[in-house]
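# Have a look at this fold, sequence not included:
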């Protein structure tokens, strides 16, 4: 059965504030002052349902500016990250937080419980620090509906900086919305991106085989502007390959405008890391944190992936997810199709996994799989777009022999020569219900998916049901495919495929 988005099965979903000007920033001390990335419970329509009594931070009247203080519930010991369990706030607090913004470490109990305990101790607002890299969207749990103060969630690296500075003296933060007379913005969800985070060089031999369409929406969150300007730039190895600036355009208060650019293409490409950056003219702009969207992408010798790669061509994975109602098979998949696919053979798949706190990956069983995807459709607007006709053509099993939390691993299978224009799903599969698969939450394929290429980016399977848009366009499945242009392979089928039934 076709499902376009796995919206009801998400454990934790990172969402972006699309046109909102909600901010979280450190006001003082100057050494760490500035804007901090976050998700929040206090943005209706973006935050998960269930925070029914939480104030809307889009309303300037609900902004909070105050000094930070860690919670204390008196519990002894340290959690697996080495932080005091007493500062997780899972039990009624023993310190007075009146007039403070509470700071809490994430770990073992529900978000709603932590925030409610802080509110009952007098806190005006809450900051929760992740135990790992990446942002998540906070589920309310049993107590979220009772919470009447706002909360933001920050990545571990930012939280550690804040926590360390709190040990040196007072730290003051602001969360909420400010009014601006001059504020143009560009959003992660509203720019055209390369089709993939990494494309093999064999599939990018000329301008006819590889190109990047370019364009993006600019939003005016201030007064009328006479000169909205957007720039798009692509660089490679310190050399600018593409640099286009739009003509100035009038843009009324609250309005948005789309700026289109010529397509980027070259007669030939070099393997390596490229960078695409969209930027708005910041002259006079009062809130410059939303004036730039930037991502790296690769032309690689041997890797295909929709996620971005680092300089060593390892995947950038910011968070780990699973369906919240998982009861059986779980597959996280990267779709693939190319008119010249037969130039290469798929050699294996890379992924990363993690477990809940206190559990280990040692002994956990996973499979990497390649499926021929035989549903015939043009794009996501085609009524035939579905996952009903899949054929398992390669598989290899993997059992963790040590606790490699969050670490990318490669699992090879017997080389599979690819077929031109054949759709594939390259997947990591598991029946381990206490495990989470890595995702890239640093970019959003929304405009690619909905308006430009209109092709699936991440496909998920949960106990036999397939979801064409996975967890949404801002979470990209952390699967990369290792390929080789050595096609002297006599046997492209596996002799040790486990007989899993087709979901």
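Done, it's in. Quantities reported herein were computed from a predicted structural model and do not represent experimental measurements.

# what about residue 449, is that helix, strand or coil?
Assigned by DSSP: H, G, I helix; E, B strand; the rest coil, the conformation of residue 449 is helix.

# Against residue 173, how distant is it?
35 Å (C-beta to C-beta, to the nearest Å). Every C-beta, even on glycine, is put in place using the N, C-alpha and C of the backbone.

# residue nearest the centroid of the protein?
Nearest to the geometric centre of the chain sits residue 441, at 1.2 Å (C-alpha atoms, centre = their mean).

# Pretty sure that residue sits against residue 473.
No: with contacts counted by C-beta atoms under 8 Å, residue 441 stays clear of residue 473, the gap being 11.0 Å.

# quick revisit: any idea how far the residue nearest to the centre of the chain is from residue 475?
From residue 441 to residue 475 the distance is 6 Å (C-beta to C-beta).

# Equivalent analysis for residue 84, please.
Residue 84 is 31 Å from residue 475, by C-beta to C-beta.

# quick one: pLDDT of residue 501?
Residue 501 is assigned a predicted lDDT (pLDDT) of 26.

# thinking again about what came up before, what about residue 84 and residue 475, which has more around it?
Shown here are residue 84 and residue 475; by other C-beta atoms under 10 Å, residue 475 has more neighbours (29 against 16).

# That one contacts residue 458, correct?
Yes: look at residue 475 against residue 458 with C-beta under 8 Å: they come within range, at 6.9 Å.

# so what's in contact with those two at the same time?
residue 439 (C-beta atoms under 8 Å, 6 or more residues apart in numbering).

# Spit out the contact partners of residue 276.
193-194, 212, 214, 232-234, 294-297.

# Any idea how far the helix or strand it falls within is from the middle of the chain?
Element membership of residue 276, judged by DSSP states H and E, is strand 272-280. Here strand 272-280 is found 18 Å from its chain centre; the criterion is C-alpha atoms, centre = their mean, to the nearest Å.

# Quick check: mean pLDDT of the helix or strand following it?
Scanning forward in sequence from strand 272-280 by DSSP H and E, the next helix or strand is strand 292-300. Average pLDDT, strand 292-300: 96.

# list the helices and strands strand 292-300 packs on?
strand 198-200, strand 272-280 (3 or more C-beta pairs under 8 Å, 6 or more residues apart in numbering; DSSP states H and E).

# Okay, now the sheet partners of that strand, with direction.
strand 198-200 (parallel), strand 272-280 (antiparallel) (DSSP bridges).

# any idea of the mean pLDDT in the longest one?
Averaging the model's pLDDT scores along strand 272-280 yields 97.

# Which other helices and strands does the helix or strand hosting residue 334 contact?
Per DSSP H and E: residue 334 is located in strand 330-336. Where contact means 3+ C-beta pairs under 8 Å, 6+ apart, strand 330-336 is packed against strand 303-305, strand 365-373, strand 423-430, strand 435-440, strand 459-462, strand 476-477, strand 480-484.

# orientation of the following helix or strand past the longest one relative to strand 365-373 in degrees?
Looking back up the chat, that one is strand 365-373. Next helix or strand after strand 365-373 toward the C-terminus (DSSP H and E): strand 390-399. Compare the direction of strand 390-399 with that of strand 365-373 by axes from the mean of the first three to the mean of the last three C-alpha atoms, to 10 degrees and you get 160 degrees.
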